[in-house]
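Engineer: coordinates only, sequence not included:
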């Protein structure tokens, strides 16, 4: 069997999805609170910037992959209006349920479904925008998932990949200290789970850096790809345009 990484560990490819599912089953109830604490609220600014770059118009169609608790789906729905469509998806039922309930509490009803990004159940050339925020690094075959995202986009459509990335060199030491010393303790204190947040820190280190991800997006068929470093490269927004 082929192996892949789960954080710093090697696991069979067929097992990675179940390991990732276990992480998010555990963190789902405290996911939004932990995001605010571990990023000092910066994730909200990063997502707001992503919505700005998406530049959705009334009547557009958008797909939010690994949509989790629904931050981007909620923001997108306000842009596309009643004549548009936003589909909220995640491979993890616990995260999706949390997000769906949050959307309903806000009076927003969207198509919500469990789906695997490597096998998207949507037609070719359908969406104006596809987004994936902090989810790509957890996917087993990133190239397959990106190719699927490219397939379902309309020509001229836009893929937005918001993900933790490689920090600027001056920040590396303090970022490593925070990631491996502070973050797991915060996870233990707030969510009762240090292992999942240790995996988070490890998965970030195993994810392709900015230039590598840009190259990968070109390889799967995106004509124009650019990226924007956010907060010293702690996160990066990659933007791919389908020809």
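Structural biologist: In hand now; what should we look at? Source: prediction; values computed, not measured. Numbering: from 1, shown residues only.

Engineer: list the helices and strands the lowest-mean-pLDDT helix or strand in the chain packs on?
Structural biologist: The weakest-scoring helix or strand in the chain, judged by mean pLDDT, DSSP states H and E, is helix 13-27 (a mean of 78). Contact partners of helix 13-27 among helices and strands, from 3 or more Cβ pairs under 8 Å, 6 or more residues apart in numbering; DSSP states H and E: strand 3-6, helix 93-105, helix 183-191, helix 194-206. For every residue, glycine as well, the C-beta is placed using N, CA and C.

Engineer: Please name whichever of these is nearest to residue 143.
Structural biologist: Residue 143 lies closest, by Cβ to Cβ, to one member of these: strand 3-6, at 12.2 Å.

Engineer: which outside residues touch the closest one?
Structural biologist: Applying Cβ atoms under 8 Å, 6 or more residues apart in numbering, the external contacts of strand 3-6 come out as 10, 11, 12, 13, 15, 16, 19, 20, 140, 199, 203, 206.

Engineer: Backbone dihedrals for the nearest residue to residue 80 once chain neighbours are set aside, please?
Structural biologist: Spatially, and ignoring its direct neighbours in sequence, residue 80 is nearest to residue 60 (4.8 Å; Cβ to Cβ, 6 or more residues apart in numbering). Main-chain torsions, residue 60, degrees, to the nearest 10: phi -70, psi 160.

Engineer: pLDDT wise, what is residue 60 at?
Structural biologist: Per-residue pLDDT puts residue 60 at 98.

Engineer: Please verify my assumption that it contacts residue 78.
Structural biologist: No. In terms of Cβ atoms under 8 Å, residue 60 does not count as a neighbour of residue 78; the distance is 11.9 Å.

Engineer: What segments of this structure are strands?
Structural biologist: Taking DSSP state E, the strands of the chain run over residues 3-6, 9-12, 61-65, 85-90, 112-114, 127-133, 153-164, 222-230, 235-242.

Engineer: who wins for proximity to residue 71 among the ones you listed?
Structural biologist: Among these, strand 127-133 sits nearest to residue 71 (Cβ to Cβ), with 7.4 Å.

Engineer: Nearest to residue 101, out of the strands of the chain?
Structural biologist: Taking Cβ to Cβ, strand 112-114 is the member of those nearest to residue 101, at 10.0 Å.

Engineer: so what does that closest one touch, helix or strand wise?
Structural biologist: Using 3+ Cβ pairs under 8 Å, 6+ apart, the elements in contact with strand 112-114 are strand 85-90, helix 93-105.

Engineer: List the beta-bridge partners for residue 9.
Structural biologist: In this entry, residue 9 is beta-bridged to residue 6, by DSSP bridges.

Engineer: picking that back up, which of residue 60 and residue 78 has more neighbours?
Structural biologist: The neighbour comparison of residue 60 against residue 78 (other Cβ atoms under 10 Å) goes to residue 60, with 21 against 11.

Engineer: Okay, now the unreliable bits of the chain?
Structural biologist: 1 (pLDDT under 70).

Engineer: ok, 90 please
Structural biologist: Along the chain, the parts satisfying pLDDT under 90 run over 1-11, 13-38, 40, 187, 190-193, 196, 200.

Engineer: who touches residue 135 in this structure?
Structural biologist: By Cβ under 8 Å, 6+ apart, the contact set of residue 135 is 65, 66, 68, 90, 117, 163.

Engineer: nearest spatial neighbour of the second one, skipping sequence neighbours?
Structural biologist: Closest residue to residue 66 apart from its sequence neighbours, by Cβ to Cβ, 6+ apart: residue 135 at 2.4 Å.

Engineer: How about the backbone phi and psi for that neighbour?
Structural biologist: Note on residue 135: backbone dihedrals following degrees, to the nearest 10 are phi -130, psi -30.
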